[in-house]
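[1] this is a predicted model, with the sequence first.
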Amino acid sequence: MTAKTAQRLSKPDEYAALLDRFDTFLFDCDGVIWTGSTLVPYMIDVLTMLRSKGEYSEFQLRVLAEELNQGMTPIGKNILFVTNNASKSREMYKKAFDGFGIQASVDEIFGSAYASAIYLSKILKFPADKKVYVIGQEGIEEELRSVGIHFTGGTDPEDRVFIPTGDNSSIKNDPSIGAVLCGGDQYINFKKYAKAHTYIMNNPECEFILTNGDASYPVADGTFPGNWWSNLRTYTGLHEENAYDYRLLLRLGCLLLITEVNPPCLVPFGSHEFDPKRTIMIGDNLETDILFGINSNIATLLVMTGVTTESQLIGKHKSDIVPDYIIQSMGDFAVLVDEM
Ligand SMILES: [Mg+2]
């Protein structure tokens, strides 16, 4: 069997052909649309172009001439923002988009905090008399609140403290904890880890749920550590076979909840309908975004404006996860905006 090879896109006609091939574009945010607090150049132009119904440039119209002559009408693209970053709720993301001057509505935004809340409420039907212990920040709390799930931890000042060595008196099991939900947390400390560990080890039914599996996230000068799950997994001795299903967790951080029924089925939790064959996932991370797309049987486009380096694509240590397409930056599509 021939190994899959990614197609590198670098020419305007290649970009136009890709736009023609897909109707729904799932955008990861960090490393694709922005990097830290910096917008990827030309992103607003590109997103506006994708949204503009029937407003193709002359160049695109030339490229699409054959299809147009067959009676096909170019339509605006369906854009959804999916992000593994659980630090923000949908409303908080909306504000971030507004701040960058990007048009977006709350129902187009699917963050992993929201996905986790929906997973707990709709799939697990989390009991009303149980609580979730949160390692994470305001975004997770807001989304849990929005679906009526009780929680502890998170931004509680009592957990944002260092405890004296040897004094573990503040860490006791709480049988009402029915799940530990772990996302990125800039206030991570021993107390939080120890509490999560205690709940997972002592409450037999306790679920261990990750908002996302990213080991790092992109910032202006490189990367910072991502979700803290790997430490927690090491502490508790959980493995893929007996922990909460890891593959599901990776997917959980995105648009669709994919159940492990046979065959796996997509459970959309928004009002968007789309044809998987004409849907493409755009991300900067092979292990999360691209794997999510591959597992969901949709096409994948890797951008190089985020965490992935060339050494993961070529050479001895290249990743086994291969996207369908690679482009340097989504901003490169801006070449289609203006008359060529
Ligand atoms: Mg990313």
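    Nice, thanks for sending it over.

[2] show me where the stretch 201-340 of the chain has its strands.
    Here the stretch 201-340 of the chain has its strands, by DSSP state E, counting those that start in this stretch, at 207-210, 216-219, 222-225, 256-259, 265-268, 279-283, 299-303, 325-327.

[3] redo those as TSV? Include distance to Ile109.
    Placement of C-beta: from N, CA and C, glycine included. Shown next, in TSV, are the strands of the stretch 201-340 of the chain (distance: least, C-beta to C-beta, whole Å):
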stretch	distance to Ile109
strand 207-210	20
strand 216-219	17
strand 222-225	22
strand 256-259	14
strand 265-268	14
strand 279-283	15
strand 299-303	19
strand 325-327	23
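
[4] okay, those in a markdown table with mean pLDDT, distance to Lys88 and mean neighbour count next?
    Output for the strands of the stretch 201-340 of the chain, formatted as a markdown table (pLDDT from 0 to 100; distance: least, C-beta to C-beta, whole Å; neighbours: other C-beta atoms under 10 Å):
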| stretch | mean pLDDT | distance to Lys88 | mean neighbour count |
| --- | --- | --- | --- |
| strand 207-210 | 82 | 17 | 22 |
| strand 216-219 | 75 | 12 | 19 |
| strand 222-225 | 82 | 16 | 12 |
| strand 256-259 | 45 | 19 | 18 |
| strand 265-268 | 46 | 21 | 13 |
| strand 279-283 | 92 | 17 | 25 |
| strand 299-303 | 96 | 21 | 25 |
| strand 325-327 | 98 | 26 | 20 |
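
[5] turn those strands into TSV, columns for distance to the ion.
    As requested, these are exported to TSV (distance: least, C-beta to the ion, whole Å):
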stretch	distance to the ion
strand 207-210	16
strand 216-219	6
strand 222-225	10
strand 256-259	17
strand 265-268	21
strand 279-283	6
strand 299-303	9
strand 325-327	15
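
[6] please name the nearest non-neighbouring residue to the closest residue to the ion within the stretch 201-340 of the chain.
    Closest residue of the stretch 201-340 of the chain to the ion, C-beta to the ion: Asp284 (4.4 Å). The spatially closest residue to Asp284, leaving aside those adjacent along the chain, is Gly306, at 2.4 Å (C-beta to C-beta, 6 or more residues apart in numbering).

[7] pull the number of nearby residues for the nearest residue to Ala96 once chain neighbours are set aside.
    With C-beta to C-beta, 6+ apart as the criterion, Ala96 has its nearest non-adjacent residue at 6.7 Å, and that residue is Lys88. Using other C-beta atoms under 10 Å, the number of residues around Lys88 comes to 24.

[8] do the same with Ala334
    Look at Ala334: counted by other C-beta under 10 Å, it has 18 neighbours.

[9] please tell me how far Phe151 sits from the ion.
    The spacing between Phe151 and the ion, counted by C-beta to the ion, to the nearest Å, is 26 Å.

[10] now tell me what touches stretch 86-102 from outside.
    Outside stretch 86-102, the residues within contact range by C-beta atoms under 8 Å, 6 or more residues apart in numbering are 29, 33-34, 39, 43-44, 47, 81, 83, 103-106, 109-114, 116, 136-140, 142-143, 146, 183-184, 211-212, 227, 253.

[11] those, buried ones only, as a ChimeraX selection?
    To isolate the buried ones among the contacts of stretch 86-102 in ChimeraX, judged by 16 or more other C-beta atoms under 10 Å, type:
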select :29,33,34,39,43,44,47,81,83,104,109,110,111,112,113,114,116,136,137,139,140,142,143,146,183,184,211,212,227,253
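
[12] contacting residues around the closest residue to Cys29 other than its chain neighbours?
    Distances taken as C-beta to C-beta, 6+ apart put Thr83 closest to Cys29, at 4.3 Å, once the chain neighbours are dropped. Going by C-beta under 8 Å, 6+ apart, Thr83 touches Asp28, Cys29, Asp30, Tyr93, Ile109, Phe110, Gly111, Ser112, Gly253.
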